[in-house]
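Q: How does the following fold in three dimensions:
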Amino acid sequence: MGQAAQHWGNHHFDVIVIGSGIGGLVAGALLARYGKQVLICESHTIPGGAAHSFSRQGFEFDSGPSFYCGLSDRHSLNPLRQVLDVLGETVLAIAYDPMGHYHFPEGTFPVYGNADRYRAAIAQITPQGAEELARLEKRLLDLYDALRGIPTLALRADLKLVPVLLSRYLPALFKLLPQLGAVQSSVADLMRDLHDPWLRRLIDLECFLLSGLKAEGTIAPEVAFMFGERTRSVIDYPIGGSGAIVQALVRGLQKWGGTLRLGAHVEQILVESGKAVGVRLRNDEILKAAIVLSNATIWDTYSHLLKPEDLPASYRQNALETPAVDSFMHLHLGIRSDDMEHLTGHHVVLHDAKQDITVPGNTCMISIPSVWDASLAPPGHHVIHAYTLESHAGWQRDSNYAERKQERAEPLFRALEKVIPDLRSRIVLELIGTPLTHARYLRRHLGTYGPAIAAGQGMFPSTQTPIANLYRVGDSTTPGIGVPAVAASGILCANSLVKPQQTEALLKQLELVRREA
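A: Residues are numbered from 1 along each chain as shown. Purely as a prediction, here's the structure:
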């Protein structure tokens with residue numbers, strides 16, 4: 001063992017976090033803010049997990065998330081915004097509206113954050129749909145307003161939450177009581193009296209973009225939060241891309257004494273007498289800690305990082321049978337931008353209205369962030385990130401891999417051509433990612449983006465585990481594919497490991513920051 005390995009091996013941490021995805025960074029940075037000695041071990045050479053940015057030939061690409069709300073609004077309910085506030089960090093962001101354009105076979109439709117403009121745009125297509133949307137809108141915003149009285153930063157994942165809520169948020173709880181039915185409902189439950197087929201397809205699409213499931217499988221609070229934030233707060237894009245968010249969290253971690261170690265692949269969580277006591281790295285280095293947090297998926301944590309005998313057999317089997325959202329095909333392009341002054345940044349293309357929106361390749365998401373932040377591409381160019389669902393099944397790195405990549409990326413090219421007809425002649429850089437790419441570089445089970453647990457079909461697995469001192473954070477613990485959900489998981493986990501009085505101090509700081517804003 002080398003000198004560096006000996007240095008780390010002789011150190012005993014309060015908390016070791018496995019993985020620097022947003023959930024791991026939020027939990028680690030908050031615990032450092034609480035005074036814990038924190039080490040985050042990241043297998044990759046770049047932090048951020050599915051939200052990391054990477055550079056190629058002067059183009060800065062987002063690897064995953066591309067849509068954000070509330071980054072530049074200190075009064076936003078976005079859990080990430082709350083964490084950045086108490087860490088003393090900010091992310092510069094550019095506001096915009098409409099938030100995007102949906103390209104259906106029958107025409108293109110602008111999607112506004114402003115509710116009046118959104119309904120007016122729908123009324124141009126279906127007046128009945130616009131009237132019905134107003135009813136759904138009220139239900140979602142009533143739920144959002146009820147939820148906003150309790151900031152995510154106040155929450156924790158244990159029974160100590162009850163006295164916190166009763167002592168500090170009793171009025172908010174009374175306001176929430178009439179909404180308890182909606183809290184436990186799917187979005188489809190809130191749409192039972194909505195009959196316009198165009199509108200129902202639109203809501204299915206918005207749910208799918210948010211959770212990977214249509215309205216019947218998406219929980220209502222998830223959509224209420226998204227709809228409320230884009231309506232009541234601000235839609236914005238971080239200058240520097242998703243990597244700017246990651247770097248702000250890393251700065252916050254380090255500011256409060258935490259450490260991020262890149263290229264540190266955790267091979268195993270060490271368990272002794274039923275307790276997690278540390279980790280073993282790939283180079284056989286042993287790192288000890290009182291608490292271990294895994295930001296790996298539930299499948300990777302329980303099948304790779306732990307030995308089978310570390311967990312009760314039935315618990316392990318049930319956990320590994322958790323259904324997973326499919327992976328994605330990703331297309332990252334650098335293109336020439338001449339004569340493209342009116343290009344907008346977000347687009348969703350539905351190729352075939354007769355096919356289900358969840359069919360791989362049928363619904364394609366497009367982000368062109370250099371529309372807002374020109375620094376992401378060389379002068380005279382744009383950077384593009386397009387993606388669509390793709391199953392991991394059948395993929396292998398064989399002699400047909402390159403050919404299959406091109407074939408399965410074709411729906412993305414065709415989607416982009418609806419926005420940029422001469423796209424192919426503009427390309428100067430082309431990168432295609434497959435489910436194998438995600439499984440390899442993000443260390444994610446089958447390249448998935450988290451559990452596909454439909455509303456009413458079960459609870460998401462807790463941050464707690466049957467192993468003492470071992471906890472989990474990330475998209476395997478909270479519903480929704482997105483940064484707010486994983487940031488919330490990090491908050492719940494971190495708060496559960498400290499006294500409520502310590503969280504109370506952070507809440508007072510958050511209130512002070514927001515009053516000053």
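Q: Return the residues in contact with the closest residue to residue 172 other than its chain neighbours.
A: Leaving aside its sequence neighbours, residue 172 sits nearest to residue 149 (C-beta to C-beta, 6 or more residues apart in numbering; 2.9 Å). Yep, even glycine has a C-beta here, placed from its N, CA and C like the rest. Counting by C-beta atoms under 8 Å, 6 or more residues apart in numbering, residue 149 makes contact with 169, 171, 172, 175, 176.
Q: per-residue confidence at residue 149?
A: We note a pLDDT of 87 for residue 149 in this prediction.
Q: any idea how far residue 176 is from it?
A: 7 Å (C-beta to C-beta, to the nearest Å).
Q: now do residue 516
A: Applying C-beta to C-beta to residue 516 and residue 176 gives a distance of 28 Å.
Q: Likewise for residue 385?
A: In terms of C-beta to C-beta, residue 385 sits 37 Å off from residue 176.
Q: neighbour count winner among these two?
A: Just comparing residue 385 and residue 176: by other C-beta atoms under 10 Å the higher neighbour count belongs to residue 385, 23 against 19.
Q: Tell me who's in contact with residue 424.
A: 413, 417.
Q: I should have written residue 218 there, sorry.
A: 186, 187, 207, 208, 210, 211, 455.
Q: packing partners for the host helix or strand of residue 86?
A: Secondary structure from DSSP states H and E places residue 86 in helix 79-87. On a contact count with 3 or more C-beta pairs under 8 Å, 6 or more residues apart in numbering; DSSP states H and E, helix 79-87 meets helix 22-33, helix 242-255, helix 483-496, helix 500-516.
Q: Could you check how far that helix is from the centre of its chain?
A: Averaging C-alpha positions (C-alpha atoms, centre = their mean, to the nearest Å) puts helix 79-87 15 Å from its chain's average.
Q: Looking at the helix or strand following it now, give me its mean pLDDT.
A: Next helix or strand after helix 79-87 toward the C-terminus (DSSP H and E): strand 93-95. Here strand 93-95 scores 96 as its mean pLDDT.
Q: Stretch 434-447 now?
A: 89.
Q: Contacts for it, please.
A: Stretch 434-447 has contacts (C-beta under 8 Å, 6+ apart) with 19, 43-44, 49-50, 63, 296-297, 299-300, 303, 324, 326-330, 390-392, 395-397, 405, 408, 448.
Q: Now intersect those residues with the helices, please.
A: 299, 300, 405, 408 (DSSP state H).
Q: re the thing from before, now the buried members of the contacts of stretch 434-447.
A: 19, 43-44, 49-50, 63, 296-297, 299-300, 303, 324, 326-330, 390, 392, 395, 405, 408, 448 (16 or more other C-beta atoms under 10 Å).
Q: if we can go back for a sec, tell me which helix or strand the residue nearest to residue 172 sits in.
A: Here residue 149 is assigned to no helix or strand, by DSSP H and E.
Q: where's it relative to residue 512, distance?
A: Residue 149 is 18 Å from residue 512, by C-beta to C-beta.
Q: Same question for residue 289.
A: 32 Å.
Q: Please say which of these two ends up with more neighbours.
A: Comparing residue 289 with residue 512 by other C-beta under 10 Å, the one with more neighbours is residue 289, at 23 against 11.
Q: As PDB, could you dump the C-alpha coordinates of the helix or strand encompassing the more buried one?
A: Element membership of residue 289, judged by DSSP H and E, is strand 286-294. Only the C-alpha atoms of strand 286-294 are listed here, as PDB (Å, rounded to 0.1, in the frame of the first residue of the first chain):
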ATOM      1  CA  ILE A 286      -9.800   0.100   3.900                       C
ATOM      2  CA  LEU A 287     -11.600   3.300   5.000                       C
ATOM      3  CA  LYS A 288     -13.500   3.200   8.400                       C
ATOM      4  CA  ALA A 289     -16.500   5.300   9.300                       C
ATOM      5  CA  ALA A 290     -19.300   5.400  11.900                       C
ATOM      6  CA  ILE A 291     -21.900   5.800   9.200                       C
ATOM      7  CA  VAL A 292     -21.900   4.700   5.500                       C
ATOM      8  CA  LEU A 293     -24.300   6.200   2.900                       C
ATOM      9  CA  SER A 294     -24.700   4.600  -0.500                       C
END
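Q: Output the contacting helices and strands for the longest helix that the chain contains.
A: Identified as the longest helix of the chain according to DSSP H is helix 127-147. Helices and strands touching helix 127-147, by 3+ C-beta pairs under 8 Å, 6+ apart, are helix 115-123, helix 170-176, helix 180-183, helix 197-211, helix 220-232.
Q: Compare these and give me the one nearest residue 426.
A: Closest approach to residue 426 among the helices and strands packed on helix 127-147 (C-beta to C-beta): helix 197-211, 26.1 Å.
Q: Report the angle between the closest one and helix 115-123.
A: Per axes from the mean of the first three to the mean of the last three C-alpha atoms, to 10 degrees, the angle that helix 197-211 makes with helix 115-123 is 130 degrees.
Q: could you give me the average pLDDT of helix 197-211?
A: 92.
Q: Off-centre distance for it?
A: 19 Å.
Q: ditto for stretch 486-504
A: On C-alpha atoms, centre = their mean, the centre of stretch 486-504 falls 18 Å from that of its chain.
Q: looking just at contacts, which helices and strands does the helix or strand that residue 167 is a member of meet?
A: Counting by DSSP H and E, the element that carries residue 167 is helix 161-168. When contacts are defined as 3+ C-beta pairs under 8 Å, 6+ apart, helix 161-168 packs onto helix 500-516.
Q: circling back: what about the helices and strands packed on helix 127-147, which gets the closest to residue 348?
A: Using C-beta to C-beta, those put helix 197-211 closest to residue 348, at 6.8 Å.
Q: Pull the residues that contact that closest one.
A: 102, 109, 122, 125-126, 128-129, 132-133, 136, 187, 191, 194, 213-215, 217-219, 222-223, 226, 348, 350, 353, 357-358, 363, 365, 479-482.
Q: still on that earlier bit, which one of the helices and strands packed on helix 127-147 lies closest to residue 432?
A: Comparing the helices and strands packed on helix 127-147 by C-beta to C-beta, helix 197-211 comes nearest, at 21.5 Å.
Q: how's this protein carved up into domains?
A: Domains of the chain are assigned by automatic domain parsing as 3-52+241-322+453-516, 97-234, 327-390+396-433.
Q: any idea which of those is most buried?
A: domain 3-52+241-322+453-516 (a mean of 20; mean count of other C-beta atoms under 10 Å).
Q: Quick one: mean pLDDT for that domain?
A: Domain 3-52+241-322+453-516 comes out at a mean pLDDT of 90.
Q: so how far is it off the chain centroid?
A: The answer for domain 3-52+241-322+453-516 is 15 Å, by C-alpha atoms, centre = their mean.
Q: picking up where we left off before, what distance separates the longest helix of the chain from the middle of the whole chain?
A: For helix 127-147, the distance to the chain centre is 24 Å (C-alpha atoms, centre = their mean).
Q: Hey, what's the angle from that helix to helix 220-232? Just curious.
A: Using the same axes, to 10 degrees: helix 127-147 against helix 220-232 is 100 degrees.
Q: Name the residues that touch helix 127-147?
A: With C-beta under 8 Å, 6+ apart, helix 127-147 has contacts from 77, 115, 118-120, 122-123, 172, 175-176, 178-179, 182-183, 190-191, 193-196, 198-199, 202-203, 220-221, 223-225, 227-229, 231-232.
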